[in-house]
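Asks: Need the 3D shape of this:
(one chain, ligands or ions: 1)
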Amino acid sequence: MGKYDKRFVRHTSTIIMVLSFLIKCILTLLFSSVLYYLWLIVTNYRVAWFSMSQKGLWLPLFPFVGNAYLAVFTGLRVNMLSSLLWGERVAGMPLNFWYGKHYHYVINSAEKARIVLNHPKCQDKAALYNNLRYIFKNSILLSPEEQWKGRRRYLRSAYNTNMINTFIPTFYQQSCALIDLIKKKKPEDDHYKFFNTHAFMNFFLTSIGWLAEDVKDSDVKEFGHLVDKTQDEFVKLFVTPSIPISIWIRSPLGTKLYIFRKQMMQVLNNIIKKKIAQMAKHSEYVANTTELPLVELLLNDGYDSLEKQTEIFHEFTLFAAAATDTTGHSLTFVFTLLGMFPDIQQKLYEEVMSVVEDKEIDNQMLSKLVYTEAVLNEALRIFPVIPLLGRYCHKDIELGDKTVPAGANIVLSIFHIHRNPEYWDNPLEFDPSRFLPENCGKIKPGSFLPFSIGPRNCIGQRMATTLIKMTIATVVRHFKISSKHKSIKEFKLSSCISMKTRYHLDLHFTPRSQNGH
Ligand code: HEM
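Replies: I've put the predicted structure just below:
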């Protein structure tokens, strides 16, 4: 055999080895896929059957990963809302997707949303929330219904009407402080971050309770930024439904999140230590009070064991996160819309000036700001900052002509319900008059649910609306707002938990002169 023949034989055998290895890999993958599908159908046959009776993406295309992953290949930035919008374009509504081995059925109907959110067997959260457990563990948002009930009953009093009324002077003071900050703010500064800090500051001051001034401003700001940064990184995890936390925590993203979590814990532990020292000094104050702010309520439940301390950390982190991005992003959207629609801004300004003049804004005045509230509701309709909710079905749920089987997850797209022409004429038109008292009767139940509805709705709804109204009234008194955005259609949105635009918004605040111009 010549030199070239030997080389040919060597190359050919290497190629054959590589090819046979590849074929073995493909066969193993195919075999394990068949086994996986068989296992899925046997263990979950009613859900699998239901998914197959739906149009669109009913097949859990990739074994172990599902088909929600497909959105990664669309060239869109990976996030829940864009993925859903992509799925809707491809398959229409109601949409199906498999998040790992978990089947999700997405609906955009107000009637069905009411059934699901009020159903006693549908109060646990959908599998879609699973990754959030790394940060929020078994806090009120994620805890199973049995645990959640008692927790909700206990914590509810921190945000009841009486408590919110005691928050109003703080909201006013902080809104006035915001005026100075807006004057220093540059148009290129991130608006979401800016209003998130305002939201967090208000949440912090009202949840920590008395003697809050002992805590450093920088601690508070740091915590607000950490909540924000964590969410920006967290969104990337939604494409890893089947990778156990123990594995991804070792990835660069996992390490980053671990560090953020540790930093948050340090800030919070410092705050809580100071709070405990204060409470020990003034025990009679705590003993005499029936309604307590969040942190005192949490500490009153016991802080002696490491287990209890960790539980308080997760609960407080959840509340902080839930209160910050939602309120901050809503404020950013409201101001942008006011900047885009000067006539509406003028009408709102006139209402504020006629009710408030140049006085300190109190609870009574806030309740008279009817048009301002209508503007806020219309902004939340067009931009519901929590665009998606999910519930797990413990029992079969009758939804119109369909029975969603036990074991399925239902995703409610608030975003789609709020923009559904069946419920709203010209849904992409910014028209606050829809929410004026004389028109409220026309709103179909379940078609407006920015804070969700049913027993597991937002605990902070009253706090959020009061704070936002106070902030709008104070800011509009001092500034004329402008924005170059022309129509609502042009906004490209994304969401992890809370929604924002995929880019910087054009938003300017110009101080008003003495005569209001
Ligand atoms: C504009 C502002 C806000 C919006 C749009 C909003 C929206 C929502 C929605 C839609 C839910 C239901 C989530 C689900 O079912 O998975 C929720 C739950 C929750 N929100 Fe809010 N929220 C806002 C502000 C706040 C504030 C200021 C706080 C804190 C004081 C807060 C604390 C919570 C908590 C603790 C839950 C979980 C309640 C439970 O499971 O019992 N939220 N929020």
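
Asks: of all of the protein, which residue lies closest to the ligand?
Replies: Relative to the ligand, the nearest point of the chain is G460 (2.2 Å; C-beta to the nearest ligand atom). Heads up, the C-betas are built off the backbone N, CA and C, glycines and all.

Asks: What pLDDT does the model give that residue?
Replies: If you check G460, the pLDDT there is 97.

Asks: same for the helix or strand encompassing F21, what does it pack against?
Replies: Here F21 sits within helix 3-43, counting by DSSP states H and E. Applying 3 or more C-beta pairs under 8 Å, 6 or more residues apart in numbering; DSSP states H and E, we find helix 3-43 packed against no helix or strand.

Asks: Which SSE is immediately downstream of it?
Replies: Going down the chain from helix 3-43, the next helix or strand is helix 45-52, by DSSP H and E.

Asks: and that next one, how far from the chain's centre?
Replies: A distance of 29 Å separates the centroid of the chain from that of helix 45-52, by C-alpha atoms, centre = their mean, to the nearest Å.

Asks: mind saving the C-alpha coords of whichever helix or strand comes after it as CSV?
Replies: Downstream of helix 45-52, the first helix or strand assigned by DSSP H and E is helix 80-91. Extracted as CSV, the C-alpha positions of helix 80-91 are listed here (Å, rounded to 0.1, in the frame of the first residue of the first chain):
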residue,chain,number,x,y,z
MET,A,80,-41.9,37.2,28.5
LEU,A,81,-44.0,39.8,26.7
SER,A,82,-42.2,39.8,23.4
SER,A,83,-42.2,36.0,23.4
LEU,A,84,-45.9,36.0,24.0
LEU,A,85,-46.5,38.6,21.2
TRP,A,86,-44.4,36.5,18.9
GLY,A,87,-46.4,33.4,19.8
GLU,A,88,-49.6,35.3,19.2
ARG,A,89,-48.5,36.4,15.7
VAL,A,90,-47.5,32.8,14.8
ALA,A,91,-50.5,30.9,16.3
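
Asks: in this structure, which spans are strands?
Replies: Along the chain, the stretches classed as strands by DSSP state E are 95-99, 102-107, 124-125, 388-392, 397-399, 402-404, 409-413, 479-482, 493-495, 499-501, 508-511.

Asks: Let me have these in a markdown table, extended by mean neighbour count.
Replies: Below are the strands of the chain laid out as a markdown table (neighbours: other C-beta atoms under 10 Å):
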| stretch | mean neighbour count |
| --- | --- |
| strand 95-99 | 25 |
| strand 102-107 | 24 |
| strand 124-125 | 20 |
| strand 388-392 | 22 |
| strand 397-399 | 17 |
| strand 402-404 | 18 |
| strand 409-413 | 25 |
| strand 479-482 | 20 |
| strand 493-495 | 19 |
| strand 499-501 | 23 |
| strand 508-511 | 14 |
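
Asks: List, one by one, the residues from the chain near the ligand.
Replies: 140-141, 152, 159, 319, 322-323, 326-327, 330, 385-386, 389, 450-452, 456, 458-460, 463-464 (C-beta under 6 Å from any ligand atom).

Asks: Number of residues surrounding Y172?
Replies: 19 (other C-beta atoms under 10 Å).

Asks: give me the number of residues near the nearest residue to it once chain neighbours are set aside?
Replies: In space, and not counting its chain neighbours, Y172 is closest to I361: 5.4 Å by C-beta to C-beta, 6 or more residues apart in numbering. A total of 22 residues lie near I361 under the criterion other C-beta under 10 Å.
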